[in-house]
Every structure is written in structure tokens, then in C-alpha cells.
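> Structure for the following, please:
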Amino acid sequence: MYTTPEGKDIFIVDGHTHFWDGSPENQANIHGKQFIECFYAYHTALSPQEQLWEKAKFEKYSADDLYRDLFIDGPDDVAIVQSTYLLDFYKNGFNTIERNATVAERFPERFIVNGSFDPRDGEKALEYIHYMKETYDIQGVKMYTAEWNGASRGWRLNDPDAYKCFELCDKLGIRNIHVHKGPTIIPLSKDAFDVHDVDYAATDFQNLNWVIEHCGLPRLDDFCWIAVQETNVYGGLAVALPFIHSRPRYFAEMIAELLFWVGEDNILFGSDYAIWTPQWLVEKFWAFELPEDVKQERGVDLTPEIKEKILGLNAARLYGIDIEAKKKALAQSPISIAAE
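Numbers count the residues shown, from 1 in each chain. As a prediction, this is how the structure comes out:
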């Protein structure tokens, strides 16, 4: 729980976290090394100096580290753990549902685990969606359209095989489709993260919620023009939010554009842990004020009520979290970890 300087408790749902293993022991080839080093470059470039991690810890941190940073030292009440497999780069996968489920089993009140699949796997992808629903009762998935799969270096949300998978998700009640549409990561293709396929999928699958992580950066304009037409499209602030520290004017322009086009009810907080930890992000976001000229030009403001929606209420609605019931459950489940 985050308590504001004014003394108000804000319920935090962190919509974009990971429990990855990018260690040298798990790297299958040079591309695994490139990928985690690119993540670390974002971490060092956009974090406050006092928030920097040693590279070895960044490559592979423990479940206790994750729990402590999100819930003990951090403000999160609930965290959604996203899965990203990258089996072409990592021997055991980068961030699989099986790995993520281990922390959710220890702390079931705190974590929501999302799955992932690759439509290029054909029938096996459909079987795997069934498996994830039956085994973990997932509510959402994370799509990585630039992921390599043999000779293929990307796919689109409106590919025929992808549509078969989304039809199954709709049938099984897997409603929340998180899609990485943001900055590229070495060695992935920037073009494979293009946002234009969102327009097709969101139109054709109205029962699904399309959470576009990283708001399409660096394609913010394209994303906004799509999202304003599609009421089931949401913008995730992971990667966008750290600019609040390193380039606050740039962040002001971004969040104002999102408020103008996408709307205050369709923007979700995400720390992108472990690239960044949530405490400083939430603190800076709560303290942030839009410059007067930005407010006047777009006719928007970032009020405390809007901040509260973005930090937790919007994601709670998508995931069916009863906030008052969750608060009571968490109060009966004291924060503790084995290391303490």
C-alpha cells in the first residue's frame, strides 16, 4: 500500500513485473547475453543513481528479492507477473509461467500470473493455452511479437494462426491480452513491435482487453490514433514511466497525450520490474504535476483521482479484484519472507 504525503492510502496494482533468469548459466547463445545487457542498459540509463543494481543481481535475482522490492520496500499490493519465454535465447526460458508460478504459490494473495504462447507453434499453441488455463487458471497472457522462433523473427496479431489462438482465449475466458509494443531489445527487430496490427485484433476481438505495454513507444502517435477508436485498448506505462526522472518534460508530453486520446480509465501502471523498482516510480508519479502549458494545450490534468485510477483501480477492474476484500485478505496475511 502506498500512503501519500497527504495521508491517503492508495491501492497499487503493478501491471508489469517479471521473475526472470538472464544469467550466463541460462544463456543459450550470444543473443541471450545481448538481450539482458540491453535491459541493463535501460536500467542504468533511466534509473536514479541510488537505485542501480549490480549486473549479476540484475541478471538473476531471488524470489525473496522480488517479494521484498515489490511489497516490503515497495508499495505494491498486487503484482501481475508477465511471462516471456525467449527459448531461442535461453536454455530454460527467460521468464516462463512455470518459473513465475513458483512465487505465486508462495504468495498467492500477492501475485497474478499471466501466461504466454507463440501462434507460430500451430496446434501446439492451442494445446498450450488449454494447459495454462487448466493448470494455472490464467486471466491473461503476454504477447511478444518480435520473439524469434527458428527462422522466423516475428509475427503479427492479425496472422491467421494468431486469430485461432485469440478465439480460444475468448472461449476460455482469458480476457487480458498484454502485448509488448515498445522499444526494441537487441537482437529483436524493431519493426516486429509495430503497433498497426493492434487495430485489426482489437476490432475483431471485442471481448478481449488489449493492454499495449509501453504505449507503443517510440510510436506513441500511432498507438494513440488506434486506441482512441478502440474502447478495448489500454496503455501500459511500463518503460514510459521512468522518463519521469530522466526526462520529466518528455514524460509530461507522453502522459498528456495518453490522457487526451486514450483516457484516464484506460491507462495502467507498470514498473517493469526488475528493470525498475516500483517505490521510486510511484513516489515520483504521485508528486508529478503537468506543466501549465501542457495542461492548457491539451485540456487535460493529472489529478490525484486520475493518478489513483492509473496506479491500481483500472487494473483491478480488468482483473476482477475486489479492492476492499483484497485489503482485508492482505491484512490477515502479514508480510514476511524466509530471509527475514
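
> Where does the prediction get shaky in this protein?
Applying pLDDT under 70 to the chain flags residues 334-340.

> residue ranges for the strands of it, please.
With strands called from DSSP state E, the chain shows them at 2-3, 9-10, 13-17, 78-81, 111-113, 140-143, 176-180, 209-213, 233-236, 267-268.

> Let me have the ones you listed in TSV, adding mean neighbour count and distance to residue 200 as columns.
For every residue, glycine as well, the C-beta is placed using N, CA and C. Shown next, in TSV, are those (neighbours: other Cβ atoms under 10 Å; distance: least, Cβ to Cβ, whole Å):
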stretch	mean neighbour count	distance to residue 200
strand 2-3	16	37
strand 9-10	15	36
strand 13-17	29	23
strand 78-81	26	25
strand 111-113	24	27
strand 140-143	25	14
strand 176-180	25	12
strand 209-213	26	11
strand 233-236	28	12
strand 267-268	25	22
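
> what about residue 296, neighbour count?
10 (other Cβ atoms under 10 Å).

> ok, it to residue 290 distance?
10 Å (Cβ to Cβ, to the nearest Å).

> With residue 264 instead?
On the measure of Cβ to Cβ, residue 264 and residue 290 end up 13 Å apart.

> just residue 8 next, same as before
In terms of Cβ to Cβ, residue 8 sits 20 Å off from residue 290.

> the more surrounded of those two?
Using other Cβ under 10 Å as the criterion, residue 8 and residue 290 rank with residue 290 on top: 19 against 11.

> wouldn't that one be in contact with residue 254 here?
No - using Cβ atoms under 8 Å, residue 290 makes no contact with residue 254, being 11.0 Å away.

> if we can go back for a sec, out of the strands of the chain, the one nearest residue 160 is which?
strand 140-143 (15.6 Å; Cβ to Cβ).

> Run through who's touching the closest one.
By Cβ atoms under 8 Å, 6 or more residues apart in numbering, the surrounding residues in contact with strand 140-143 are 80, 82-84, 112, 114-117, 129, 132, 157, 169, 174-180, 211, 213, 319.

> quick one, helices of the stretch 1-150 of the chain?
30-46, 55-59, 63-67, 97-106, 123-136 (DSSP state H, counting those that start in this stretch).

> Compare those helices and give me the one nearest residue 286.
helix 30-46 (18.6 Å).

> Contacts made by that closest one with the rest, please.
Contacts for helix 30-46 (Cβ under 8 Å, 6+ apart): 22, 24, 26-27, 52-53, 55, 58-59, 86, 88-90, 94, 148, 183, 185-188, 239, 242-243, 245-246, 275-276.

> cool, stretch 21-29 as well?
32-33, 35-36, 39, 56, 58-60, 88-95, 99.

> and what of stretch 101-113?
19, 63, 66-67, 70-71, 76-81, 83, 97, 100, 136, 138-140, 319, 326, 329-330, 333.

> now swap in stretch 115-122 and tell me
82-85, 96-97, 125, 128-129, 132, 136, 138, 140-144, 147, 149, 152, 155, 159, 161-162, 164-165, 174.

> List buried residues within the residues you listed.
Neighbour counting by 16 or more other Cβ atoms under 10 Å classes 82-85, 96-97, 125, 128-129, 132, 136, 138, 140-144, 147, 155, 159, 162, 164-165, 174 among the contacts of stretch 115-122 as buried.

> Okay, helices next: where are they in the stretch 201-340 of the chain?
Counting by DSSP H, counting those that start in this stretch, the helices of the stretch 201-340 of the chain are 220-227, 243-246, 248-261, 278-287, 292-298, 304-308, 314-318, 323-331.

> Just put the ones you listed in JSON lines and tack on distance to residue 205.
Listed next are the helices of the stretch 201-340 of the chain as JSON lines, based on distance: least, Cβ to Cβ, whole Å:
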{"stretch": "helix 220-227", "distance to residue 205": "14"}
{"stretch": "helix 243-246", "distance to residue 205": "31"}
{"stretch": "helix 248-261", "distance to residue 205": "21"}
{"stretch": "helix 278-287", "distance to residue 205": "30"}
{"stretch": "helix 292-298", "distance to residue 205": "30"}
{"stretch": "helix 304-308", "distance to residue 205": "28"}
{"stretch": "helix 314-318", "distance to residue 205": "15"}
{"stretch": "helix 323-331", "distance to residue 205": "27"}
